[in-house]
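Colleague: A predicted structure for the sequence below; I have some questions about it.
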Amino acid sequence: MAQINPSILSADFARLAEEAERVGGADGADWLHVDVMDNHFVPNLTLGVPVVEALRKATDTPLDCHLMIEDPDRWAPQYVEAGAGSVTFHAEAAAAPVRLAREIRAKGARASMALKPATPIEPYEDLLPELDMLLVMTVEPGFGGQAFLDVMLPKIRRTRRLIDKHGLTMWLQVDGGVSAETIERCAEAGADVFVAGSAVYGADDPAAAVRMLRRQAQEARPAGCAH
Ligand SMILES: O=C(CO)[C@H](O)[C@H](O)COP(=O)(O)O
């Protein structure tokens with residue numbers, strides 16, 4: 001089942017509760033993607049734990065927190081305590097990714113790891129069973145509205161093959177430039193969770209955009225795929 005996670009990076013930060021509402025409801029967002037940026041790991045600054053706590057109270061949609069921050073080993077557990085249902089840390093930033101994934105899971109959230117475009121999946125093959133999701137970035141992290149990097153499609157395919165080879169049920173997420181023009185290629189390559197910021201919040205009807213993206217992804221999935 002294809003999941004669509006609108007990124008609040010493209011939402012109106014002065015009205016986050018209403019923006020969450022605009023993509024929620026039946027057939028709406030599967031998760032709300034919350035981009036946490038610290039101005040060090042990426043050259044942009046967004047929000048932190050108090051905003052995640054406030055969002056948790058403002059919406060029933062589960063929160064998928066993507067930490068684009070340094071030292072996630074120290075900070076990620078606080079996002080679980082703040083109410084995130086899934087916490088993604090970056091492979092490039094984590095000092096002890098296995099220990100961190102186990103801590104996130106032990107605290108009750110899904111553990112996920114992200115790879116920047118230049119980071120290969122292969123060195124992390126043995127870590128996959130420790131994770132509930134792997135995020136392949138399809139833009140350089142830091143900003144919404146960037147063009148989708150087609151050169152990431154082979155990495156999505158290789159990651160899907162590794163997940164299937166190990167018989168894992170973990171999810172494969174893509175984030176960056178995902179839109180009506182690019183989502184089918186991602187789904188064909190094996191992604192099953194799609195983050196979309198500008199393609200959802202830039203639409204006249206964001207909830208309809210979520211439904212359309214989900215339908216496109218669902219129809220583009222390889223025939224007979226287990227994910
Ligand atoms: O992680 C991100 C940027 O670092 C965003 O989630 C992502 O770029 C979504 O925005 P868009 O769909 O407009 O590309």
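Modeller: Happy to help now that I have it. Numbering: from 1, shown residues only.
Colleague: give me every residue that touches the closest residue to the ligand within the chain.
Modeller: In the chain, the residue that lies nearest the ligand is Gly197 (2.8 Å; Cβ to the nearest ligand atom). The C-beta positions use only the backbone N, C-alpha and C, and glycine is treated the same way. Counting by Cβ atoms under 8 Å, 6 or more residues apart in numbering, Gly197 makes contact with Pro6, Ser7, Ile8, Leu9, Ser10, His33, Gly144, Gly145.
Colleague: show the buried residues in those.
Modeller: Pro6, Ser7, Ile8, Leu9, Ser10, His33, Gly144 (16 or more other Cβ atoms under 10 Å).
Colleague: give me phi/psi at the residue of the chain closest to the ligand?
Modeller: Note on Gly197: its backbone torsions stand at phi -100, psi -80 [degrees, to the nearest 10].
Colleague: what about the closest residue to Glu188 other than its chain neighbours, how many residues nearby?
Modeller: Using Cβ to Cβ, 6 or more residues apart in numbering and skipping the chain neighbours, the partner closest in space to Glu188 is Ala220 (5.2 Å). Ala220 is flanked by 16 other residues according to other Cβ atoms under 10 Å.
Colleague: same check on His166?
Modeller: For His166, the neighbour count with other Cβ under 10 Å is 12.
Colleague: now the nearest residue in space to it that is not next to it in sequence: how far from Leu45?
Modeller: In space, and not counting its chain neighbours, His166 is closest to Leu128: 5.9 Å by Cβ to Cβ, 6+ apart. Using Cβ to Cβ, to the nearest Å, we find Leu128 at a distance of 31 Å from Leu45.
Colleague: which one's more surrounded, these two?
Modeller: Per other Cβ under 10 Å, whichever of Leu128 and Leu45 has more neighbours is Leu128, with 17 against 11.
Colleague: and stretch 27-42, how far out from the chain's middle?
Modeller: 7 Å (Cα atoms, centre = their mean, to the nearest Å).
Colleague: buried residues in that stretch, which are they?
Modeller: Neighbour-count burial for stretch 27-42 [16+ other Cβ under 10 Å]: 28-38, 41-42.
Colleague: ok, which of the residues you listed also contact the ligand?
Modeller: With the criterion set as Cβ under 6 Å from any ligand atom, the members of those near the ligand are His33, Asp35.
Colleague: state the pair within the buried residues of stretch 27-42 that is farthest apart.
Modeller: Gly28 and Phe41 (30.0 Å; Cβ to Cβ).
Colleague: dump stretch 106-126 to PDB, restricted to CA.
Modeller: C-alpha atoms of stretch 106-126 as PDB (Å, rounded to 0.1, in the frame of the first residue of the first chain):
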ATOM      1  CA  ALA A 106      12.400   0.800  22.800                       C
ATOM      2  CA  LYS A 107      10.700   4.100  23.400                       C
ATOM      3  CA  GLY A 108       7.800   3.100  21.200                       C
ATOM      4  CA  ALA A 109       8.400   4.700  17.800                       C
ATOM      5  CA  ARG A 110       9.400   3.400  14.400                       C
ATOM      6  CA  ALA A 111      13.100   3.800  13.700                       C
ATOM      7  CA  SER A 112      14.200   5.100  10.400                       C
ATOM      8  CA  MET A 113      17.500   6.100   8.800                       C
ATOM      9  CA  ALA A 114      18.000   8.500   5.900                       C
ATOM     10  CA  LEU A 115      20.700   8.600   3.200                       C
ATOM     11  CA  LYS A 116      21.800  11.900   1.500                       C
ATOM     12  CA  PRO A 117      22.100  11.600  -2.300                       C
ATOM     13  CA  ALA A 118      25.900  10.800  -2.200                       C
ATOM     14  CA  THR A 119      25.600   8.200   0.600                       C
ATOM     15  CA  PRO A 120      25.400   4.600  -0.800                       C
ATOM     16  CA  ILE A 121      23.100   2.000   0.800                       C
ATOM     17  CA  GLU A 122      25.500  -0.900   0.500                       C
ATOM     18  CA  PRO A 123      27.600  -0.200   3.700                       C
ATOM     19  CA  TYR A 124      24.300  -0.300   5.700                       C
ATOM     20  CA  GLU A 125      23.000  -3.600   4.400                       C
ATOM     21  CA  ASP A 126      23.600  -5.300   7.800                       C
END
